[in-house]
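A.B. asks: Dropping a prediction and its sequence here:
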Amino acid sequence: MYMPDESRSLKGQLLLDSGQLQGSFFQRSVVLICEHNEEGAFGLVLNRAMGNKVGEMIVADLPEVLKECPLYLGGPVQPTALSFLHSDSFIPDANVMPNLSLGHSLDMLMEIGESFSPTRKLKLFAGYAGWGPGQLEDELRRDAWLLHPASLSLVFDTDPEDLWRSILRQKGGKYRILAQMPEDLSLN
């Protein structure tokens, strides 16, 4: 069985639909891998806005600044599970990549929402994407996904609607063609 060692972990990488996930939940998705080890992988889809604000979907006494945040569909697994990504100018114990942390605790989210930081960035998700042991590696071997290094600007600052296309255009070459294809190939 394939066992990723620390150097093979995909944590902090983006997975992009390679064009083979047509008709699935992951069609044209961009997934940030937050955890990846011998037990499997955990990721969050960055470009599926639910069209709701956090305050409309989560029944908790949240600070107003959090209630106004858009809510994203992090994946098809446990749509009631809340996760969030947060960044600031300096997070010494960041757990996804430098200055980017993943959290699941409502207490931690409240703490972030109540502290004022002009450099803080926050993205909230309902649900997540998960893979069992070896499953993601198998999908990668079948070329279902393209890999791309994550960056804070791709996670927080790129328009989610354009994220998939934008990264493919950056990759250049044959990926530019994929970025230009219509979502429904019968329209091609």
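C.D. replies: Nice, thanks for sending it over. Numbers count the residues shown, from 1 in each chain.
A.B. asks: residues contacting Gly43?
C.D. replies: Counting by C-beta atoms under 8 Å, 6 or more residues apart in numbering, Gly43 touches 15, 31-35, 74-75, 128-131. The way it works is simple: take the backbone N, C-alpha and C, and place the C-beta from them, glycine included.
A.B. asks: element containing it, please.
C.D. replies: strand 40-45 (DSSP states H and E).
A.B. asks: Would you give the sheet partners of that strand, along with the direction of each?
C.D. replies: Sheet partners assigned to strand 40-45 using DSSP bridges are listed as strand 30-37 (antiparallel), strand 121-131 (antiparallel).
A.B. asks: chain center to the shortest one, what's the gap?
C.D. replies: The reference is to strand 30-37. 7 Å (C-alpha atoms, centre = their mean, to the nearest Å).
A.B. asks: got the CA positions of that strand in PDB?
C.D. replies: Extracted in PDB, the C-alpha atoms of strand 30-37 (Å, rounded to 0.1, in the frame of the first residue of the first chain):
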ATOM      1  CA  VAL A  30     -10.400  23.600  -6.600                       C
ATOM      2  CA  VAL A  31      -9.700  21.800  -3.300                       C
ATOM      3  CA  LEU A  32      -7.200  22.900  -0.700                       C
ATOM      4  CA  ILE A  33      -5.600  19.800   0.900                       C
ATOM      5  CA  CYS A  34      -5.500  20.600   4.700                       C
ATOM      6  CA  GLU A  35      -4.400  17.200   6.000                       C
ATOM      7  CA  HIS A  36      -2.800  14.300   4.200                       C
ATOM      8  CA  ASN A  37      -1.200  11.200   5.800                       C
END
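A.B. asks: I would like the residues contacting that strand, please.
C.D. replies: By C-beta under 8 Å, 6+ apart, strand 30-37 touches 4, 9-17, 41-47, 75, 85, 95-96, 102, 129, 136, 145, 150, 154-155, 163-164, 167.
A.B. asks: okay, the contacts of Gly43 in CSV with distance to Asp159 and pLDDT next?
C.D. replies: Shown next, in CSV, are these (distance: C-beta to C-beta, whole Å; pLDDT from 0 to 100):
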residue, distance to Asp159, pLDDT
Leu15, 19, 97
Val31, 17, 98
Leu32, 16, 98
Ile33, 21, 98
Cys34, 21, 97
Glu35, 26, 95
Gly74, 18, 97
Gly75, 20, 96
Tyr128, 22, 97
Ala129, 21, 97
Gly130, 26, 96
Trp131, 27, 96
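A.B. asks: Strands of the protein, start to end?
C.D. replies: With DSSP state E as the criterion, the chain has strands at 13-17, 30-37, 40-45, 49-53, 70-73, 77-87, 100-103, 121-131, 145-149.
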